Each structure stands twice: as structure tokens, then as C-alpha cells.
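In: sequence plus the predicted model coming up.
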Amino acid sequence: MNAIIKDDIVKKFKQRFPNDPIVVKSPGRINLIGEHTDYNEGYVFPAAIDKGITAAFSKSKNAFCTIVSLDFEEVMELHLDDVKAIPKGNWRNYIIGVVGEIQKKGIQLEPFDMVFTGDIPKGAGLSSSAALENAVAYGLNDLFDLGLSKHELIFISQKAEHHYVGVRCGIMDQFASMFGEEDRALLLDCRNLEFKTYPLEFEDYQVMLINTNVSHSLVDAEYNDRRAVCEKVANLLDVPFLRDANEASLYQIKDQLTEVEYQKALYVIQENDRVLRAGKMLEDGDLQGFGELLFEAHGGIQHQFKVSCPELDFLVEKGKAHPDVIGSRMMGGGFGGCTINILKKDAVASYSEEISKQYKDTFGKDCSIYFVKLSQGTHKI
Ligand code: GLA
């Protein structure tokens with residue numbers, strides 16, 4: 001599979017540029033549980049998937065970089081002495097951002113050419129942005145022999161998103177995309193980046209994603225607002241991050257908070273705890289309990305943290321009412337994108353059909369169903 005993808009992109013690269021490129025594959029991610037906990041230095045449970053960005057790079061013969069998006073059929077010329085975010089730059093700012101953040105480290109880059117394509121549905125909450133950032137960071141590190149570690153690369157990717165895209169994201173997406181392992185999910189401590197891996201193969205159950213096809217891309221301000229609330233509460237509690245708070249300490253400052261702020265902080269504290277319980281349940285083989293936690297987590301996202309939307313809530317409610325679905329919740333930053341569902345293998349076909357019809361009848365548009373394989377993180381192919 002990788003060989004075919006590689007041949008294809010190399011061919012397209014060579015149609016435009018003279019040099020033989022290196023080719024990097026950088027995956028998107030799912031997240032089992034642990035939403036909006038990463039920037040609170042808490043716990044998350046993501047995995048890299050077999051959908052991602054494939055990018056080819058070589059040094060350029062020109063005095064500037066030429067970057068080609070095959071999917072958007074767009075080309076960008078980038079001059080390395082003038083690297084700044086473009087208003088409404090879309091995919092461009094992820095690349096510009098990574099280049100800019102590498103330069104901020106005092107590293108002198110030379111002009112390069114890049115051609116890329118991807119198969120992660122955009123706005124689905126599967127981190128196409130982190131996959132692209134990591135592809136660029138990894139590719140340039142390799143091409144110019146920069147000697148940066150994978151940890152340095154993910155922080156470059158994250159800062160690109162903060163400073164050039166304007167989303168103050170946590171580290172989950174970049175970490176999962178870079179450090180993902182085949183067939184394993186990673187229970188990650190976002191404070192020290194230590195993680196434990198878990199297989200995700202169950203005898204009678206499997207993971208299925210349902211995309212609402214509501215794009216979450218217009219909600220950067222909402223995301224940053226949630227982060228600001230968490231920081232405000234942590235400050236009032238006099239702790240570095242909400243990771244360091246507990247329900248009792250939060251309760252003590254309740255009268256200094258609005259109910260909305262209180263519920264948001266409470267959600268984060270409870271969600272951190274759910275991630276740890278989820279890991280324990282998988283270790284104990286308690287899949288039903290694990291599924292229950294997913295439903296519970298969605299309740300928190302919907303009612304306390306308030307980053308869901310009617311389409312996501314609908315899908316989760318339908319899952320809850322179905323005897324073969326043992327867990328379901330929205331995944332990623334929120335306001336659209338996918339739900340992650342755990343359901344009986346032999347119910348997959350009938351449930352897919354049923355939920356697709358119900359979704360269409362209710363919202364007048366289609367949902368999309370995906371099955372993913374857990375895959376290796378960003379690497380050269
Ligand atoms: C987005 C961000 C992540 C994380 C999730 C929510 O995907 O990029 O850092 O905060 O939202 O869990």
C-alpha cells in the first residue's frame with residue numbers, strides 16, 4: 001500500500017520538479033477519551049490512524065520554495081526571508097507556521113519544493129492539521145539534516161498552530177500523529193509526555209466513526225475561550241493547571257466563579273479521572289464499563305463543557321438507545337466532526353444503515369461512516 005502511495009506522489013513530484021524527493025507519511029488520529037484535557041496538562045487516549053498526509057520534499061533549484069497541494073489544486077510560493085501567516089491562508093498557514101517556527105530556533109533553511117496529498121476528511125476532528133504540520137516538520141528535519149528530535153518536532157508543529165493559525169491547541173494531536181504505534185492506542189500524560197500503549201482489538205466489538213459532516217473549522221474562538229476559562233480557574237485555585245485541581249478544591253472557590261465556568265472546570269477534572277479509569281478498564285477487560293465512560297464523557301462535553309452540537313448529540317443518543325452500541329461520544333475539539341462508537345461487530349452493517357437513514361431523515365444531509373486501523377506515527381516511506 002505504502003509503495004503504491006509513494007510511487008504515485010513521486011511521479012507527481014517529478015512532473016514538476018527535477019530532484020528525487022524524500023516521502024513522508026504522517027497520520028491523523030482518533031481519541032478514545034480525554035477531550036480538552038491536554039492543554040490542562042491532563043490525560044488523553046489517542047491513536048494514530050491509517051488516514052493521513054503524504055508529502056514529498058526535495059531541495060529546490062529556485063531561490064524560493066514551491067509547495068503544491070494536490071487535493072486543493074493550489075500552489076504556494078514561499079520566500080524564506082518573508083515567512084508570515086496569510087489571512088485566511090487555510091492549508092498554507094500550517095506549512096508557513098512550521099517553517100517559521102523552525103527559523104525561530106535560529107535554524108537557516110534553504111529553499112525546498114513540496115507536493116502533498118491527504119485522505120483525512122477535513123473538519124472531521126481527525127487532526128488533518130497536525131498531520132500536515134508533522135509531515136512538514138519531519139520532512140524538513142530529514143531533508144536538511146537538522147538533527148531535531150521527534151519531541152522538538154511536535155512542539156514546532158504545536159507552536160505553528162498557536163502562532164500562525166491562531167488555535168491555542170494542546171499537544172495531543174501532534175503527539176499522537178508523531179508517536180502513534182500500529183494497532184495500539186496511547187494513554188498519554190500531557191504533563192511529562194509519558195505514555196502507555198493498549199491494543200484495541202476486541203473479540204466481538206469494534207470501533208466505528210460517524211462523521212456528522214458538520215465542519216468544525218469555524219470555531220477557533222470557542223476553542224481559545226475554553227482554554228482561557230480553564231486557565232482562569234487554575235489561577236484562582238493557585239495551581240499551574242487544572243490537572244492539579246480536584247473536585248473538593250474547585251468547590252471551595254465556587255462562589256468566585258459563574259456556574260458556566262464552574263461546570264467547565266468540573267468537566268476537565270472529571271474527564272481526567274475518566275481517562276485513567278478507562279485505561280484501567282481496558283486492562284481489566286471491562287469493555288462495557290469502558291463504553292459507559294464514553295457515554296458519560298459525552299454528557300460532560302454536551303452539558304458542562306458545551307462544545308458539542310445537535311448532530312453529535314443525536315448520534316450519541318441513538319447509540320445509547322441501541323443495545324449493540326456500548327459506547328459513543330464526540331471526538332476532538334467539538335462543534336462538529338465525528339463520534340467514536342464501540343459496537344458489536346455483527347451489528348456494524350445494520351447499525352450503519354439504520355443510523356445513516358435516521359440522520360438523513362432528521363438533518364436532511366448525509367453522515368459518513370469510517371473504519372480505521374491504528375497505525376505508525378509520522379515516518380519516511
Ligand atoms: C483539538 C486540539 C487538541 C485537543 C482537542 C480536544 O483537537 O488540537 O489539542 O485539545 O481539540 O481534546
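Out: Received it, and whenever you're ready, just let me know what you need.
In: can you give me the helices in this protein?
Out: 2-16, 91-104, 128-143, 150-160, 172-179, 220-237, 247-252, 259-283, 287-299, 310-321, 348-363 (DSSP state H).
In: same for the shortest one, what does it pack against?
Out: By that I understand helix 247-252. helix 220-237, helix 259-283 (3 or more CB pairs under 8 Å, 6 or more residues apart in numbering; DSSP states H and E). All C-beta atoms are positioned from the backbone trio N, CA, C, and that covers glycine.
In: highest mean neighbour count out of those helices?
Out: helix 259-283 (a mean of 20; mean count of other CB atoms under 10 Å).
In: the inter-axis angle of that helix versus helix 287-299?
Out: Interaxial angle, helix 259-283 versus helix 287-299 (axes from the mean of the first three to the mean of the last three CA atoms, to 10 degrees): 160 degrees.
In: which residues touch helix 259-283?
Out: 32-37, 40, 42-45, 187, 196, 198, 226, 229-230, 232-233, 242-243, 245-247, 250, 254, 257, 287, 289-290, 293, 296-297, 300-301, 303-306 (CB atoms under 8 Å, 6 or more residues apart in numbering).
In: kindly recompute the last result at 6 Å.
Out: The contact list for helix 259-283 (CB atoms under 6 Å, 6 or more residues apart in numbering) reads 33-34, 37, 40, 42-43, 45, 187, 198, 229-230, 233, 242, 245, 247, 250, 254, 289-290, 293, 297, 300, 304-305.
In: close to the ligand: what parts of the stretch 1-150 of the chain are there?
Out: Counting by CB under 6 Å from any ligand atom, the stretch 1-150 of the chain comes close to the ligand at 35, 36, 38, 39, 127.
In: over to the stretch 151-300 of the chain?
Out: 169, 170, 172, 173.
In: what about the nearest residue to residue 118 once chain neighbours are set aside, how many residues close to it?
Out: Closest residue in space to residue 118, ignoring its immediate chain neighbours: residue 53 at 4.3 Å, by CB to CB, 6 or more residues apart in numbering. A count of nearby residues for residue 53, using other CB atoms under 10 Å, gives 29.
In: partners of residue 53 in the sheet?
Out: Counting by DSSP bridges, residue 53 is bridged to residue 26, residue 118.
In: could you measure from it over to the ligand?
Out: 15 Å (CB to the nearest ligand atom, to the nearest Å).
In: ok so, going back, where among the helices and strands packed on helix 247-252 is the average confidence lowest?
Out: Sorting those by mean pLDDT places helix 220-237 lowest, at a mean of 94.
In: who's in contact with that one?
Out: 36, 39-40, 166-168, 241-242, 245, 249, 253, 256, 261, 264-265, 268, 333.
In: tell me how far residue 297 lies from the ligand.
Out: 11 Å.
In: now do the contacts for that residue.
Out: Residue 297 is in contact with 33, 274, 329, counting by CB under 6 Å, 6+ apart.
In: same thing but 7 Å
Out: 33, 35, 271, 274, 329 (CB atoms under 7 Å, 6 or more residues apart in numbering).
In: just give the closest residue to the last one, not the sequence neighbours.
Out: Excluding its sequence neighbours, the residue lying closest to residue 329 (CB to CB, 6+ apart) is residue 298, at 3.6 Å.
In: next: the fourth one.
Out: Take residue 274 and drop its neighbours on the chain: the residue closest to it by CB to CB, 6+ apart is residue 293, 5.1 Å away.
In: put the alpha carbons of the lowest-mean-pLDDT helix or strand in the chain into PDB.
Out: Ranked by mean pLDDT, DSSP states H and E, the helix or strand of the chain with the weakest confidence is helix 2-16, at a mean of 91. Provided in PDB are the C-alpha atoms of helix 2-16 (Å, rounded to 0.1, in the frame of the first residue of the first chain):
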ATOM      1  CA  ASN A   2       2.700   2.500   1.100                       C
ATOM      2  CA  ALA A   3       4.700   1.500  -2.000                       C
ATOM      3  CA  ILE A   4       1.800   2.500  -4.300                       C
ATOM      4  CA  ILE A   5       1.200   5.800  -2.500                       C
ATOM      5  CA  LYS A   6       4.900   6.500  -2.700                       C
ATOM      6  CA  ASP A   7       5.200   5.800  -6.400                       C
ATOM      7  CA  ASP A   8       2.200   7.900  -7.100                       C
ATOM      8  CA  ILE A   9       3.400  11.000  -5.200                       C
ATOM      9  CA  VAL A  10       7.000  10.600  -6.500                       C
ATOM     10  CA  LYS A  11       5.600  10.600 -10.100                       C
ATOM     11  CA  LYS A  12       3.500  13.700  -9.500                       C
ATOM     12  CA  PHE A  13       6.600  15.400  -7.900                       C
ATOM     13  CA  LYS A  14       8.800  14.500 -10.800                       C
ATOM     14  CA  GLN A  15       6.300  16.000 -13.200                       C
ATOM     15  CA  ARG A  16       7.100  19.400 -11.700                       C
END
